[in-house]
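Enquirer: can't give you the sequence, but here's the structure:
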């Protein structure tokens, strides 16, 4: 049985806590949170503290707090030579303070606090300095996911960058289209099946095979009509740039 | 029983044909295609012609060919005063030749020929000049979908524009991230659960509620790291523009 303490209870912390708590191979023995938190009913048996000196002894300490607070926070931990990992895509493992054994446990997914996700398909990217720690993180990851991979800090940075394109930027595309429809009193719901199928297609086709649309087929008339429709819209530049990017990719 | 002839057997034509053929209220009596086509086994009983003078009598003729060929093709049809509709998001209804009754039957979805989609959730946007034709198109739409809406040519244009953002541009984001990973020999598969969840989130949250990432939280350090990683990449400009667009939306 692996004993785990989770440090932080935001989007990642709460999702991770829930998944690990449900694993028979893991015992989440404590949650540390500076802020007052209310545990959901199913997690009520886990002990909670906001006092850093009360943190219990465990096999792994998982830091799940904002990126820029990880380094300083890890330096305040009142113990040595324990395995301390963070969950960030963009922070190097070395950010964790020297006094403990360092590692990373990065679930490549987007989390929202009140929307618990199924971890079984989520890639968990692990990293550690020592082989025994790597083994332990692998066991911890496999207790909740079928997809645990060793990834260096350098590669993890690249993964995080690519994730920004398929998550943050894609979501902003959803926002733009919702806004365009709102202007004409059209319901964003109409696009939801298209949004679902666009993501679904990628399961079986490469993005290149799945690409369609006026830019791909160099349909200048439709592109011109769209630019005309966008008139003084703040989204005109995004349309232009994406159209040029697609044309460059497929027509040059 | 509605008798339908489908003119064209590309991505939309073949998908629509399959859906209508399976409806008990519709009989697809013929497919017209200029190119030689091989029908899949389940559609083998439908008659096929490449001779425009052999087109049979029907209640609705559905043109499913490239946008810029619709007007000319509709003028070559050897009959009058029949209901002729097209399936395009961006072509006005009036593009159909005067000699027949005009209409639109636009399924708001992305289609790939060898990937049949379930029509039941797909919004079908209909338009016609005469009330009886509109009624007929409604009946036709409801035979395959729960979501049939009357949409004007003007609004359909806006829908199509918004669809370009959530489909074509989103898919290009997938392509960019695949390419970024390839450069580092990382597997695009690692991003697939994130792609699925990003689309899935939108079922219950608005894009605004779902937005996360360095641009949204003005995390300048991570943004700078990403731009550094992108060095001379052709995708640097897309990163910059999307980041600025998100910052403008949430921080100003």
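Expert: Yep, that arrived. The structure displayed is predicted, hence computed values, not measured ones.

Enquirer: so what pLDDT did the residue at the greatest distance from the centre of chain A get?
Expert: No residue in chain A has its C-alpha farther from the mean C-alpha position than residue A:221, which lies at 39.2 Å (C-alpha atoms, centre = their mean). We have a pLDDT of 91 for residue A:221.

Enquirer: what's the answer for residue A:93, then?
Expert: pLDDT, residue A:93: 97.

Enquirer: if we can go back for a sec, and the residue farthest from the centre of chain A, what is it in contact with?
Expert: Residue A:221 sits next to B:67-68 when contact means C-beta atoms under 8 Å, 6 or more residues apart in numbering or on different chains. Any C-beta I mention is one placed from the backbone N, CA and C, and that applies to glycine too.

Enquirer: ok, and for the helix or strand hosting it, which residues are buried?
Expert: In this structure, residue A:221 is located in helix A:220-230 according to DSSP states H and E. Within helix A:220-230, the residues scored as buried using 16 or more other C-beta atoms under 10 Å in any protein chain shown are A:222-223, A:225-226, A:229-230.

Enquirer: repeat that for stretch A:180-197.
Expert: By 16+ other C-beta under 10 Å, the buried positions in stretch A:180-197 come out as A:180-181, A:186, A:188, A:190-197.

Enquirer: repeat that for stretch A:230-241.
Expert: The neighbour-count check on stretch A:230-241 (16+ other C-beta under 10 Å) flags A:230, A:233, A:235, A:238-239, A:241 as buried.

Enquirer: can you pull out the strands in the stretch 1-150 of chain A?
Expert: Taking DSSP state E, counting those that start in this stretch as the test, the strands found in the stretch 1-150 of chain A are A:2-7, A:26-32, A:47-49, A:60-63, A:83-86, A:101-107, A:124-128, A:148-150.

Enquirer: run the angle between the first one and strand A:101-107 for me.
Expert: Per axes from the mean of the first three to the mean of the last three C-alpha atoms, to 10 degrees, the angle that strand A:2-7 makes with strand A:101-107 is 80 degrees.

Enquirer: tell me the strands beside strand A:2-7, with direction?
Expert: strand A:26-32 (parallel), strand A:60-63 (parallel) (DSSP bridges).

Enquirer: and what of the last one?
Expert: Strands that pair with strand A:148-150, judged by DSSP bridges, come out as strand A:124-128 (parallel).

Enquirer: contacts for the strand it pairs with, please.
Expert: Outside strand A:124-128, the residues touching it (C-beta under 8 Å, 6+ apart) are A:83, A:85, A:89, A:93, A:101-108, A:134, A:136-138, A:141, A:144-145, A:147-153, A:156, A:159, B:190.

Enquirer: go again with 7 Å.
Expert: If you take C-beta atoms under 7 Å, 6 or more residues apart in numbering or on different chains as the criterion, strand A:124-128 is touched by A:93, A:103-108, A:134, A:137-138, A:141, A:145, A:147-153, A:156, A:159.

Enquirer: drop anything exposed from the residues you listed.
Expert: Taking 16+ other C-beta under 10 Å as the criterion, what is buried in these is A:93, A:103-108, A:137-138, A:141, A:145, A:147-149, A:151, A:153, A:156, A:159.

Enquirer: please enumerate the helices of chain A.
Expert: A:11-21, A:70-76, A:131-142, A:153-163, A:170-183, A:192-201, A:207-210, A:220-230, A:236-251 (DSSP state H).

Enquirer: the inter-axis angle of the last one versus helix B:170-183?
Expert: Right, the one you point to is helix A:236-251. Using the same axes, to 10 degrees: helix A:236-251 against helix B:170-183 is 60 degrees.

Enquirer: picking that back up, with distance to residue A:115 and mean pLDDT added, can I get the strands of the stretch 1-150 of chain A in TSV?
Expert: Below are the strands of the stretch 1-150 of chain A laid out as TSV (distance: least, C-beta to C-beta, whole Å; pLDDT from 0 to 100):
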stretch	distance to residue A:115	mean pLDDT
strand A:2-7	18	98
strand A:26-32	19	98
strand A:47-49	22	97
strand A:60-63	20	98
strand A:83-86	22	98
strand A:101-107	14	98
strand A:124-128	19	98
strand A:148-150	23	97
